[in-house]
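A.B. asks: Turn this into a structure:
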Amino acid sequence: MTLESLRESIESAAWFSRLGEFAGEPGRLAIRSLEVWADEEAVSDRHHRGVAEEMEWLPAQAQDPDPIRPELTDSDVALGFYKQALAALRSLNAKPLLKVGKHDFQHVAVGAAAYACRRAAVEVEAEEPGFWCGLVGLYAAGFWPCGVLPDGTVVVL
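C.D. replies: All right, here's what the predicted structure looks like:
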């Protein structure tokens, strides 16, 4: 990935348009909904309940530390990609799968997408494209990589 291809991915992304459709692949686990997070009494299948109990949400706030690549330092260039992603996401209308029970996950999903774009730019600048660049590909394809399991598996809605 290059900074130009990252820019193009952000501009052409199908943000959250395919939620619940991810088929899964090695290192990436599919979930079909966020229903298990609706409330304490949410009824869900064993698969989703297990994921909810083990998953750590990926960062969604600009000031959150990077849990994956903390050794890579932010830059003004990376901040520009963060702002580009926020601008691209500004007119997003929440998909029904981002609202469960009394919770609306749209703000978290948007923040996580912008965060991933910023950290992907950091990886590219360091000439070490990896985890975050891979997540940008998932976002561009319309999915939401929302969390990570203890073994490093990415959870994708």
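
A.B. asks: Pull the number of nearby residues for residue 93.
C.D. replies: 7 (other Cβ atoms under 10 Å). Yep, even glycine has a C-beta here, placed from its N, CA and C like the rest.

A.B. asks: can you tell me how far the nearest residue to residue 105 once chain neighbours are set aside sits from residue 126?
C.D. replies: With Cβ to Cβ, 6 or more residues apart in numbering as the criterion, residue 105 has its nearest non-adjacent residue at 4.6 Å, and that residue is residue 98. Distance of residue 98 to residue 126, computed by Cβ to Cβ, to the nearest Å: 32 Å.

A.B. asks: more crowded one of these two?
C.D. replies: A direct count of neighbours by other Cβ under 10 Å for residue 98 and residue 126 places residue 98 higher, at 22 against 14.

A.B. asks: what's near enough to touch the more buried one?
C.D. replies: Residues near residue 98 by Cβ atoms under 8 Å, 6 or more residues apart in numbering: 16, 19, 34, 104, 105, 106, 109, 144.

A.B. asks: quick one: residue 10 is in a strand?
C.D. replies: No - assessed with DSSP: H, G, I helix; E, B strand; the rest coil, residue 10 is helix; it does not lie in a strand.

A.B. asks: what about stretch 86-93, average pLDDT?
C.D. replies: Averaging pLDDT along stretch 86-93 gives 87.

A.B. asks: let's have the chain start at 648 instead
C.D. replies: Happy to do that; since the first residue is 648 now, the last one works out to stretch 733-740.

A.B. asks: Format the CA atom coordinates belonging to that stretch as PDB.
C.D. replies: What follows is stretch 733-740, C-alpha atoms only, in PDB (Å, rounded to 0.1, in the frame of the first residue of the first chain):
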ATOM      1  CA  LEU A 733     -13.900  11.700   8.800                       C
ATOM      2  CA  ALA A 734     -14.900  13.900   5.900                       C
ATOM      3  CA  ALA A 735     -15.800  10.900   3.800                       C
ATOM      4  CA  LEU A 736     -17.800   9.400   6.600                       C
ATOM      5  CA  ARG A 737     -19.600  12.700   7.500                       C
ATOM      6  CA  SER A 738     -22.800  12.000   5.500                       C
ATOM      7  CA  LEU A 739     -23.000   8.300   6.400                       C
ATOM      8  CA  ASN A 740     -26.500   7.200   7.400                       C
END
